[in-house]
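A.B. asks: heads up, no residue letters with this:
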């Protein structure tokens, strides 16, 4: 049940972010992160963090984006979840520019 609600919150957050509804994106991503942390779902936490980076870039809040990127990178390295490495690299390039 937790995974279903987390996936729903992530999808809603991504959709809101794409539509420019930043406040709705923030609310959905906050809920997704709570579920990921409660369930100790580190892979999903990485997904949340990468979406947070996109949100922070839209606000713009570069410092928060870098912090979220660093946290996601650390989790990716700990878990050897290298599937997200290209996305992480792309976001890091976008944040730096």
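C.D. replies: Structure's in. What do you need? As the structure is a prediction and not an experimental result, all values here were calculated from the model.
A.B. asks: switch to C-alpha atoms for all contacts and neighbour counts from now on
C.D. replies: OK.
A.B. asks: State the distance from residue 54 to residue 40.
C.D. replies: 23 Å (Cα to Cα, to the nearest Å).
A.B. asks: quick one, which of these two is more surrounded?
C.D. replies: residue 54 (21 against 11; other Cα atoms under 10 Å).
A.B. asks: Toward the C-terminus, what is the element adjacent to the one helix or strand residue 9 maps to?
C.D. replies: Taking DSSP states H and E as the definition, residue 9 sits inside helix 2-18. Downstream of helix 2-18, the next assigned helix or strand under DSSP H and E is helix 22-38.
A.B. asks: Give me the buried positions along that following helix.
C.D. replies: 22, 24, 25, 26, 28, 29, 30, 31, 32, 33, 35, 36 (16 or more other Cα atoms under 10 Å).
A.B. asks: Do you know the pLDDT at residue 85?
C.D. replies: We note a pLDDT of 92 for residue 85 in this prediction.
A.B. asks: for residue 1, same thing?
C.D. replies: pLDDT, residue 1: 60.
A.B. asks: before we move on, the earlier item: what does the helix holding residue 9 rub up against?
C.D. replies: Defining contact as Cα atoms under 8 Å, 6 or more residues apart in numbering, one finds that helix 2-18 is touched by 22, 24-29, 31-33, 35-36, 39, 48, 51, 54-55.
A.B. asks: List the buried residues in that helix.
C.D. replies: 6, 7, 9, 10, 11, 12, 13, 14, 16, 17.
A.B. asks: quick one: average pLDDT of stretch 36-49?
C.D. replies: 94.
A.B. asks: Now do the end-to-end distance for it.
C.D. replies: Here stretch 36-49 reaches across 11 Å from its first residue to its last, counting by Cα to Cα.
A.B. asks: same check, this time on stretch 50-69
C.D. replies: End to end - Cα to Cα - stretch 50-69 spans 7 Å.
A.B. asks: ok, now stretch 52-70?
C.D. replies: Taking Cα to Cα as the criterion, the two ends of stretch 52-70 lie 12 Å apart.
A.B. asks: Brilliant, that's me finished.
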